[in-house]
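**Q** from the sequence below, what's the structure:
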Amino acid sequence: MSSASPARSARAESAIAVATEEARLAAAGRTDAIPGPRAIGVPLGRFAALVWTIAVSQFKLKFYGSALGYLWQLMRPLLMFGVLYLFFTRILRFPQVQYYPVVLLQGIVVFTFLSESTVGSVAALVENEILVRKIQFPRLAVPFSVVLAALFNLLINYVVVFMFLIIQGGSPQWTWLYEFPILLVLLVIIATAIATLLSALFVRYRDVRPIWEVLLQTLYFISLVLIPVESISDPMLRKLLLISPFACIVEQLRHAVIAASAPTVLQVFGNPWLLTLPVTLGIVLCIVSFVVFDRMAPKVAEEL
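**A** From the prediction side, this is the model:
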């Protein structure tokens, strides 16, 4: 017994010394001794609850103290639609396109969602610096909450799209029940992937914001938001524009929501194998964005 007691005492002293050293390193600002939080790192139920709580809070605070409140969320795309509607119906016309005003409104609504999701996520981690530095929580919840808050706005704006379609003489379609929800999910996935990647890169590279703003403006004009695909005379150019996953979703939403007579993405490509290009690009984007964010998540507090 007497020989075992010194051994136990030595092990206890060694453990105390290790713990003391780790505490000293942490107090000195060293983070290599204590791993930082991962991108998720918690059960998915808790992660989803955290994302929902942050998103609802952001959605409410966005219009706090505003006289019109949530109506501003409807006014912004409607004002943009009014300007573009006058331009494209008085100067540039597309008589061959059925319900073109609704096509234009839907394109603006969908692009507004992408813009809110990505631009709002670029600096989301930096703007929540105090929260990131002091609280251990899954970092991925920050960009996810921005996308979810933008989704709330998208659903509100789509009520106006449906109403405007009925006023224009359109009618409900069966595709509203199955194809429309699937396309919305794909849209959210693409927006989330871009938002996740941008938020991670902006922590270290602050040039990401102006670069993305330029790219987003370019995407606005080449993603079939304003110009219907059948109005483009060059068949090769049509296919090149649809390489973008976002452009594919915009065009397919037109077929699913507004007019079944509108060409589908597959009809524009003409070859089913060409459809693998935007699908592959979307999958690669999702994988790259998660890998980059997951690797940078433990170091976010250091980089801020």
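**Q** what sits against Ser117?
**A** For Ser117, the contacting residues are Val146, Val147, Ala150, Leu151, Ala191, Thr192, Ile194, Ala195, by C-beta atoms under 8 Å, 6 or more residues apart in numbering. In this view, the C-beta of every residue, glycine as well, is placed from N, C-alpha and C.
**Q** so where's the stretch 1-150 of the chain shaky on pLDDT?
**A** Residue ranges of the stretch 1-150 of the chain with pLDDT under 70: 1-43, 58, 60-81, 83-95, 132, 134-135, 137.
**Q** and with 90 instead?
**A** For the stretch 1-150 of the chain, the stretches flagged by pLDDT under 90 are 1-105, 108, 120-145, 149.
**Q** follow-up on the earlier one: and of the contacts of Ser117, the nearest to Glu213?
**A** Using C-beta to C-beta, Ile194 is the member of these that sits closest to Glu213, with 12.9 Å.
**Q** for Arg254, see how far away the closest residue to that closest one other than its chain neighbours is.
**A** Excluding the flanking residues, the one nearest Ile194 by C-beta to C-beta, 6 or more residues apart in numbering is Thr118, at 5.0 Å. Distance, Thr118 to Arg254, using C-beta to C-beta, to the nearest Å: 22 Å.
**Q** quick check: Asp234 vs Asn271, distance?
**A** Per C-beta to C-beta, Asp234 is found 17 Å from Asn271.
**Q** neighbours around the residue nearest to Ile194, how many?
**A** The tally of other residues near Thr118 (other C-beta atoms under 10 Å) stands at 28.
**Q** pick out the most distant pair among the contacts of Ser117.
**A** Every pair of the contacts of Ser117 checked by C-beta to C-beta; the farthest is Leu151 and Ile194, at 14.1 Å.
**Q** for these two, indicate the residue with more neighbours.
**A** Neighbours were counted for Leu151 and for Ile194 using other C-beta under 10 Å; Ile194 has more, 25 against 20.
**Q** if I pick that one, what's in contact with it?
**A** Ile194 neighbours (C-beta under 8 Å, 6+ apart): Leu114, Ser117, Thr118, Leu285, Ser289.
**Q** check Val110 too.
**A** With contacts defined as C-beta under 8 Å, 6+ apart, the neighbours of Val110 are Leu154, Leu187, Val225, Ile249, Val250, Leu253.
**Q** so which of the residues you listed sit within helices?
**A** Among the contacts of Val110, the members found in helices (DSSP state H) are Leu154, Leu187, Ile249, Val250, Leu253.
**Q** reformat those as a markdown table; add neighbour count and pLDDT.
**A** A markdown table is the format used below for the ones in helices among the contacts of Val110 (neighbours: other C-beta atoms under 10 Å; pLDDT from 0 to 100):
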| residue | neighbour count | pLDDT |
| --- | --- | --- |
| Leu154 | 24 | 91 |
| Leu187 | 22 | 96 |
| Ile249 | 25 | 95 |
| Val250 | 24 | 93 |
| Leu253 | 25 | 93 |
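**Q** which of the residues you listed sits closest to Ala260?
**A** Distance to Ala260 across the ones in helices among the contacts of Val110 (C-beta to C-beta) is lowest for Leu253, with 12.4 Å.
**Q** residues contacting that closest one?
**A** For Leu253, counting by C-beta under 8 Å, 6+ apart, the contacting residues are Gln106, Val110, Phe180, Leu183, Leu187.
**Q** out of these, who's nearest Ile243?
**A** Leu187 (16.7 Å).
**Q** please name the spatially closest residue to the closest one (chain neighbours excluded).
**A** Ile249 (5.1 Å).
**Q** contacting residues around the one you found?
**A** By C-beta under 8 Å, 6+ apart, Ile249 lies in contact with Val110, Leu183, Leu186, Leu187, Ile190.
**Q** what's the answer for Leu183, then?
**A** Ile249, Gln252, Leu253, Ala256.
**Q** need the phi and psi values for Ile227.
**A** With angles defined as degrees, to the nearest 10, Ile227 sits at phi -110, psi 120.
**Q** measure how buried it is and give me the count.
**A** Ile227 is flanked by 19 other residues according to other C-beta under 10 Å.
**Q** ok so, going back, could you measure from the residue nearest to Leu187 over to Leu266?
**A** For Ile249, the distance to Leu266 - C-beta to C-beta - is 14 Å.
**Q** please apply the same query to Glu230.
**A** Distance from Glu230 to Leu266, by C-beta to C-beta: 14 Å.
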